[in-house]
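A.B. asks: Got a predicted structure here, sequence first:
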Amino acid sequence: MSDEVISILKRDRIHNLAIEGKRSDGRAFDEFRSITLKTNVIQKAEGSAYVEFGDTKVIVGIKLQKAEPFSDSPGLGIIMTGMELNPIASPSFEAGPPRENAIEMSRIVDRGIRESKAIDLEKLCIKEGELVWMIFIDISILNDAGNILDASCLAAIAALKTTVIPDDEETGFKSIPMPIQDLPVGVTLVDVGGNIIVDPTLDEELVCQSRVSIIVNENGEISGMQKGGSEPFTFDEIYDMYELAVEKCNYLRETFIRDIALLD
Amino acid sequence: MSSTQERVEFFDKNGLRTDGRKFDEIRPMSIKIGVLSRADGSCYLEWGANKILAAVYGPREVHPRRLQKADRAIVRYRYNMQSFSVEDRARPGTSRRSVEISKVSREAFESVILTELYPGSVIDIFVEVLQADAGTRTAAINAASVALVDAGIPMKSIVSSCAVGKVGGKIVLDLNKIEDNFGEADLPVAMTQDGDVTLIQMDGNLTADEFKEALKLVETGCRTVHKIQKKALMEKFGISDESANEEEDEMSDDFDEDEEDEASDFDDEDDGENEDEMSDDFDDEDEDGASDDFDDDDEDDGEAEDTDESSKSNKSADSKLSNVKTKRGASKRRTKNSKNNRSQNGSD
C-alpha cells in the first residue's frame, strides 16, 4: 500500500498478535484511535475542519469560486476534490503534483460526497448555463500515522457542514449555508492475520496487503467503495466488511458530524 | 507595494495602528514544538492570523544522488501555501513566488546549520502555510528555525525573522495585512542571535535615513521574536527560566542526562526517487496582491565561516540549546564524531 518498509520482526509481531486477537496498541479490532475534530480552524477558508485519528492529522479547507457550469449540467454547481500528501507528513512523501495514491484517495472522498448527493448542486446555480459555484474541497495531510483516508472523509464532510456560501453583489446571489442533504462517512477495513480491523495504524497498513474503503450514507447505503492493494478478498469477507462499515460509519456520523453547526 | 495609499488610514488619533499596536510592536506569536510524530522535528507557529506548520527531516540520504556534496550536507527548504490559506484560492503546487521565497529562506539557514557534520546527506525543511495574513515568509523562517532545533540539527544560532515597513510615512514593525497591501515599503529580515543578517529583501521605497531607522527597528523585532522562540524551546525541553536568564555560564553543563537515547533513533528510512518536479504554470499571483519582484540580496556570508564550532568563544545559551536534543549531554566533540558515523552509515 505504501512505499515504506517495515521490519520483519515488527511484521511478525503484529501478525502474531492479530492471531491471538490483539493489536499492538491494545485496541479491539473494531476500535478507533482517539478521534479529535475541530471546525472553523482556517478563517480565510469558507469552511474548514481539522481531524486527528491518533497521531494522524488532516486538515480540509473549502474554497468557493464562481465558474462556468459544464455544458451537460448547466444548472448544477461543481465539486472539485483534491488531496495533497505534504512532505511534512511523512518521510516518504515528496513535493510535486499528486501521485496515484493522493489521486485515488481524493477520488474516493469525492465519490462519497457526489454519489450520496451530500450537496444539493441545484442550489449552487447562480445563473443557469452561465455561472455556478465551484466548491473546492482541498484535503491536506499533515501527519501520516495511518488511515488518512477515513480522517479525510470525516474532515471533508465536517468542513462542508460549516461552509457558508457568501452573497454575490454582481449577480444578486443571496448567501446560504452549504445545502447539505446527506452526511456520507467512510471507513477503511484491512485484513491482518485473517482478522478484519478498522482504523489501521501505519504499521498495520504496512503489514496488510489489501484494504477496502466503504463510504456509507445516512440511510446505511453504500455511496462508494474501493478495494486497494494486491491481495484478494472473498465475497463473504466483503459482506462482513460492509456490515461492520455501516455500524462504524453510523458511529462516526452520530458522534462527530451530526451536531456540527455553523459558526453563526 | 501598491501605490493606492489614498484614503487608507494607518494610524488612529492616538498614533496606534489599525490593529491597535504601537509602531514598534509585533503581533502576538505562539509556538508549539514537536507536533508531528513522523517528522524529526516540527513546529506549529501562529503569528497574528498566520498559521504555519514546519517540519524537518534529516539528516538523511539524498535523492537523487547527484545532489550529494562530499564535504557537507545540503539543505533544502520548501515554502508552500495551502490552497485554502488565502481569500482567493491559491492554485496548489509551486509558483514563482514560492520558489523565490524557498531560495532566500534556504540561504538564511545554510550558513547557520553546521552542514560539515553530515557530508553526503540532506536536511529537508518543509513549511506549509495553513493560513496567510502578511509576513508569511518571516513566520515560516521562525517556525523552521524552531523545528530545526527540535530535530536536533546542530546550528550556530537560532534564526529569527521579522519584517519592517513604511506606512503612511512612518517606519513600523511587522506589517499587518492592510499595511502590507497599502504601505510604501516592506523589508523582511532574518537574523542570528549574534546579529548577522542572513536574509534581507526589500520592496518599495525608503530614503537613506528611513532605511537606517528601519534596520534599527527590525533588529529589535528580531530580538523580540528570538526571545519568544527561546522561551518556547526552554519550556519544551524542560529548562527553567532562571537558567535561561543566566545565559553564558549556566547552560553549558546542564544537559548531562540520558545520553543513552542518543543511539536509539537511527531509522533513516528513505526511499523513492526525488524528481524535484515543478508544475509548469508560473502563476505570478502574490498572496496579498502585491507585486513580488524583490531584489535578491543573496548574502553568501556563511560559507567562509570557521567550521570548528568548538573553537568559538562567544557561544551563548542558544547555540547550545540548539544542540540539546541531539547531544543529550554529550560533549560537542562527541556529537561531531557520532554524527559523522551516522552520516557515513547513511551514505554507504
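C.D. replies: Yep, it's here. Numbers count the residues shown, from 1 in each chain, chains lettered A, B, ... in the order given.
A.B. asks: what about the residue nearest to B:Ser83 when sequence neighbours are not counted, neighbour count?
C.D. replies: Nearest residue to B:Ser83, sequence neighbours excluded (CB to CB, 6 or more residues apart in numbering or on different chains): A:Asp138, at 4.5 Å. Quick note: C-beta positions are derived from backbone N, CA and C, even for glycine. A count of nearby residues for A:Asp138, using other CB atoms under 10 Å in any protein chain shown, gives 26.
A.B. asks: cool, and A:Asn147?
C.D. replies: Using other CB under 10 Å, A:Asn147 has 26 neighbouring residues.
A.B. asks: Now do the contacts for it.
C.D. replies: A:Phe53, A:Thr56, A:Thr188, A:Asp199, A:Pro200, A:Thr201, A:Glu205 (CB atoms under 8 Å, 6 or more residues apart in numbering or on different chains).
A.B. asks: cool, and A:Ile165?
C.D. replies: A:Ile165 neighbours (CB under 8 Å, 6+ apart): A:Glu46, A:Leu64, A:Leu124, A:Trp133, A:Phe173, A:Ser175, A:Ile176, A:Pro177, A:Met178.
A.B. asks: hmm, 6 Å instead?
C.D. replies: The neighbours of A:Ile165, taking CB atoms under 6 Å, 6 or more residues apart in numbering or on different chains as the test, are A:Ile176.
A.B. asks: Let me know the pLDDT of it.
C.D. replies: The model reports A:Ile165 with a pLDDT of 94.
A.B. asks: The one 3 residues further on too?
C.D. replies: Model confidence at A:Asp168, given as pLDDT, is 90.
A.B. asks: what's the answer for A:Ser73, then?
C.D. replies: 93.
A.B. asks: From A:Thr171, how far out is it?
C.D. replies: 19 Å (CB to CB, to the nearest Å).
A.B. asks: what do you get for A:Ser116?
C.D. replies: 29 Å.
A.B. asks: So for the two, which residue has more residues nearby?
C.D. replies: More crowded of A:Ser116 and A:Thr171, by other CB under 10 Å: A:Ser116, with 23 against 12.
A.B. asks: circling back: from the chain's centroid, how far away is the host helix or strand of the residue nearest to B:Ser83?
C.D. replies: Using DSSP states H and E, A:Asp138 falls within strand A:131-143. Centre-to-centre, strand A:131-143 and its host chain are 12 Å apart (CA atoms, centre = their mean, to the nearest Å).
A.B. asks: Could you say which helix or strand holds B:Leu233?
C.D. replies: Following DSSP H and E, one finds B:Leu233 within helix B:208-236.
A.B. asks: pLDDT of that helix, averaged?
C.D. replies: Helix B:208-236 comes out at a mean pLDDT of 95.
A.B. asks: Just the buried positions in it, please.
C.D. replies: For helix B:208-236, the neighbour count (16 or more other CB atoms under 10 Å in any protein chain shown) marks B:210-211, B:213-215, B:217-219, B:221-222, B:224-226, B:228-230, B:232-234, B:236 as buried.
A.B. asks: what about B:Gly93, is that helix, strand or coil?
C.D. replies: coil (DSSP: H, G, I helix; E, B strand; the rest coil).
A.B. asks: okay, now it: neighbour count?
C.D. replies: Neighbours of B:Gly93 using other CB under 10 Å come to 20.
A.B. asks: quick one, what contacts the closest residue to B:Gly221 other than its chain neighbours?
C.D. replies: Once flanking residues are discounted, B:Gly221 sits nearest to B:Cys162: 3.5 Å by CB to CB, 6+ apart. The neighbours of B:Cys162, taking CB under 6 Å, 6+ apart as the test, are B:Thr138, B:Asp174, B:Val218, B:Gly221, B:Cys222, B:Val225.
A.B. asks: can you list the residues of the stretch 1-150 of chain B near chain A?
C.D. replies: B:36-38, B:55, B:57, B:78, B:82-84, B:86-87, B:89, B:126, B:128, B:131 (CB under 6 Å from any CB of the partner chain).
A.B. asks: Could you report the distance from the residue lying closest to A:Leu202 once chain neighbours are set aside to B:Arg76?
C.D. replies: Leaving out its chain neighbours, the residue that sits closest to A:Leu202 by CB to CB, 6+ apart is A:Gly146, at 3.9 Å. Applying CB to CB, the value for A:Gly146 to B:Arg76 is 26 Å.
A.B. asks: what sits up against the strand holding A:Asp138?
C.D. replies: With CB under 6 Å, 6+ apart, strand A:131-143 has contacts from A:57-61, A:63-67, A:69, A:77-86, A:89, A:124-126, A:148, A:152, A:156, B:36-38, B:82-84, B:89.
A.B. asks: Quick one: buried ones out of those residues?
C.D. replies: When the contacts of strand A:131-143 are checked for burial by 16+ other CB under 10 Å, the buried set is A:57-61, A:63-64, A:69, A:77-79, A:81-86, A:89, A:124-126, A:148, A:152, A:156, B:36, B:38, B:82-84, B:89.
A.B. asks: Sort out which of the residues you listed are in helices and list them.
C.D. replies: Within the buried ones among the contacts of strand A:131-143, residues falling in helices by DSSP state H are A:Ile148, A:Ser152, A:Ala156.
A.B. asks: quick one, what contacts the last one?
C.D. replies: Contacts for A:Ala156 (CB under 6 Å, 6+ apart) come out as A:Val60, A:Val109, A:Ile137.
A.B. asks: Name the nearest of these relative to B:Ala185.
C.D. replies: A:Val60 (37.0 Å; CB to CB).
A.B. asks: Sweet, I'm off.
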